[in-house]
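Asks: Everything below, folded, please.
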Amino acid sequence: MNVDASAEWSDGWWAVTITLPDGSTQHTQARTLGKVEHMVKDLVSLLLEIEADGVHVDTRPVLPTGIEAALAAIGDAHNEAELAKAREVAARRNAAAAMRSRNLTLRDVGALMGVSHQRAAQLLQDV
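Replies: Model prediction:
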């Protein structure tokens, strides 16, 4: 059985609201988001007299004002970091290829780039 749960932060607790298949609304609470699923499964199993293992909970946190924007900023920063990492790897590959085209040894390529000669070889395999 699938149950949708809405969890809203309220004075140190997550206030959880669920709607049962008959349309009735039920409430529980949890100290952390990680415990919401357990609390909902326990509530549903007691009310409907079913096994808790048969209950699948989809939790939707309702976040306090400003939190969504802060989380979005983390996501944006992560995406920017991933793009910067890809640019760095491309630059490393290009630099390694340029050095090898001038017959520098893998050890010298690695030393100049601050990586091992094995990593220099890996970079050149990807070019």
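Asks: Quick one: the helices in the protein, in order.
Replies: Counting by DSSP state H, the chain has helices at residues 36-48, 67-101, 106-113, 117-125.
Asks: Mean pLDDT, mean neighbour count and distance to Ala30 for those - can I get that in a markdown table?
Replies: To be clear about C-beta, it is placed using only N, CA and C from the backbone, and glycine gets the same treatment. Below are those laid out as a markdown table (pLDDT from 0 to 100; neighbours: other C-beta atoms under 10 Å; distance: least, C-beta to C-beta, whole Å):
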| stretch | mean pLDDT | mean neighbour count | distance to Ala30 |
| --- | --- | --- | --- |
| helix 36-48 | 95 | 18 | 5 |
| helix 67-101 | 96 | 12 | 17 |
| helix 106-113 | 97 | 16 | 50 |
| helix 117-125 | 95 | 16 | 46 |
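Asks: Rebuild those helices as TSV, extending it with distance to Glu8.
Replies: Formatted as TSV, the helices of the chain follow (distance: least, C-beta to C-beta, whole Å):
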stretch	distance to Glu8
helix 36-48	11
helix 67-101	11
helix 106-113	51
helix 117-125	49
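Asks: So for Trp9, which of these sits nearest?
Replies: Shortest distance between Trp9 and the helices of the chain, using C-beta to C-beta, is found for helix 67-101: 8.4 Å.
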